[in-house]
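**Q** no sequence for this one, just the structure:
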């Protein structure tokens, strides 16, 4: 069996100031098999979720995304779906914090550069004092992904210190 | 005026850097489909294994049945927590004949994804434990699932066999096995 080191950091961004509401990674190489985004996020006020749009050359802003979510808050569990939406959702029931702890997200984009399948994303997220979520998102396109935008779905801004790091995993 | 941060990346082959995460082997299903995916002769080089997959069947969603070292006896247990978009369920138990990655494949054009961790796979003092996160969203339907499984055997894992509740699995399904050093 062949073996080679992988899981390579591609790019990282740390928010400064108080007027950023989207982060874009563009010109992503097709030299990997999977992408992993690790984010640590606060925002300026309640009301936004962390969305994501992807595309080839430019992000797809049409209603080609859908989401299925599983949520637990320490006493009960629930599940929720949205179809035909204009971005993926990486939190559904949890409010992104505005102070104190930052909210972690791990977003897996598997086989992102193939041109034969719709793209499926697996997300884990959670926030202290609120709950935990597991989420599957779909982008109904067979295009390879080479641009990703992470965005706040409302009129809020990322707080300074929010970080977004993109990794690539290359299979043998 | 919004301040939009944009990171432009270099193109071409990924940079080579030493990490503790290594690619072992990948199987991509060809035009005839496949009923079984097998990774054999897995060396004891790493501490943990991770399988990263996308998979679909032509008409039916379903799950992976995972067996180690060819053991099809009732030597496994598994548990699951599943969300369907409207309801949540949990299940599982002992005396199973396989480890489970639930709702790990979709139907038609909708490929499910799974990340399956096999911990301490070569340790001969421990029963082996597996955890999986898998999901498929088909716009109007979908599932997101956590699984844990155990294989009650002290033998080091040297082979992994994956079969499917709906078979054969479709072309373009992909199974990538990685090793993580301790």
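**A** Yes, it's here. Nothing here was measured: the structure is a model prediction, and the numbers come from that model. Residues are numbered from 1 along each chain as shown, chains lettered A, B, ... in the order given.

**Q** quick check: residue B:148 vs residue A:82, distance?
**A** Separation of residue B:148 from residue A:82 (CB to CB, to the nearest Å) stands at 28 Å. Using the backbone N, CA and C atoms, a C-beta is placed for each residue, glycine as well.

**Q** also residue A:113?
**A** 26 Å.

**Q** contacts only, for the most centrally placed residue in chain B.
**A** The centre of chain B sits closest to residue B:116, judged by CA atoms, centre = their mean, with a distance of 4.0 Å. Residues near residue B:116 by CB atoms under 8 Å, 6 or more residues apart in numbering or on different chains: B:50, B:51, B:52, B:53, B:64, B:66, B:101, B:130, B:131, B:132, B:134.

**Q** near chain A, which of those residues show up?
**A** B:52, B:53, B:134 (CB under 8 Å from any CB of the partner chain).

**Q** what's the local residue count around the second one?
**A** Read it as residue B:53. Using other CB atoms under 10 Å in any protein chain shown, residue B:53 has 27 neighbouring residues.

**Q** need the buried ones from the contacts of residue B:116 selected in PyMOL.
**A** Buried members of these can be picked out in PyMOL with the line below, counting by 16 or more other CB atoms under 10 Å in any protein chain shown:
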select buried, chain B and resi 50+51+52+53+64+66+101+130+132+134
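
**Q** quick check: which element contains the residue lying closest to residue B:38 once chain neighbours are set aside?
**A** In this structure, residue B:38 finds its nearest non-sequential neighbour in residue B:161, 5.0 Å apart by CB to CB, 6 or more residues apart in numbering or on different chains. Applying DSSP states H and E as the criterion places residue B:161 in strand B:160-164.

**Q** which ones among the contacts of residue B:116 map onto strands?
**A** Among the contacts of residue B:116, the members found in strands (DSSP state E) are B:50, B:51, B:52, B:53, B:64, B:66, B:101, B:130, B:131, B:132, B:134.

**Q** quick check, nearest of these to chain A?
**A** Distance to chain A across the ones in strands among the contacts of residue B:116 (CB to the nearest CB) is lowest for residue B:52, with 5.8 Å.

**Q** how about the spatially closest residue to the closest one that is not a sequence neighbour, phi and psi?
**A** In this structure, residue B:52 finds its nearest non-sequential neighbour in residue B:176, 4.9 Å apart by CB to CB, 6+ apart. When read as degrees, to the nearest 10, the backbone of residue B:176 gives phi -120, psi 120.

**Q** so how many other residues sit close to residue B:176?
**A** 24.

**Q** which residues touch it?
**A** When contacts are taken as CB under 8 Å, 6+ apart, residue B:176 is in contact with A:33, A:34, A:169, A:171, A:172, B:23, B:25, B:26, B:51, B:52, B:53.

**Q** any chance of the residues you listed in a markdown table, plus secondary structure and pLDDT?
**A** As requested, these are exported to a markdown table (DSSP: H, G, I helix; E, B strand; the rest coil; pLDDT from 0 to 100):
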| residue | secondary structure | pLDDT |
| --- | --- | --- |
| A:33 | coil | 96 |
| A:34 | strand | 97 |
| A:169 | strand | 96 |
| A:171 | coil | 93 |
| A:172 | coil | 85 |
| B:23 | strand | 95 |
| B:25 | strand | 96 |
| B:26 | strand | 97 |
| B:51 | strand | 98 |
| B:52 | strand | 98 |
| B:53 | strand | 98 |
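
**Q** neighbour count: residue A:113 and residue A:82, which is higher?
**A** Legend: neighbour count by other CB under 10 Å for residue A:113 and residue A:82, higher for residue A:113 (20 against 17).
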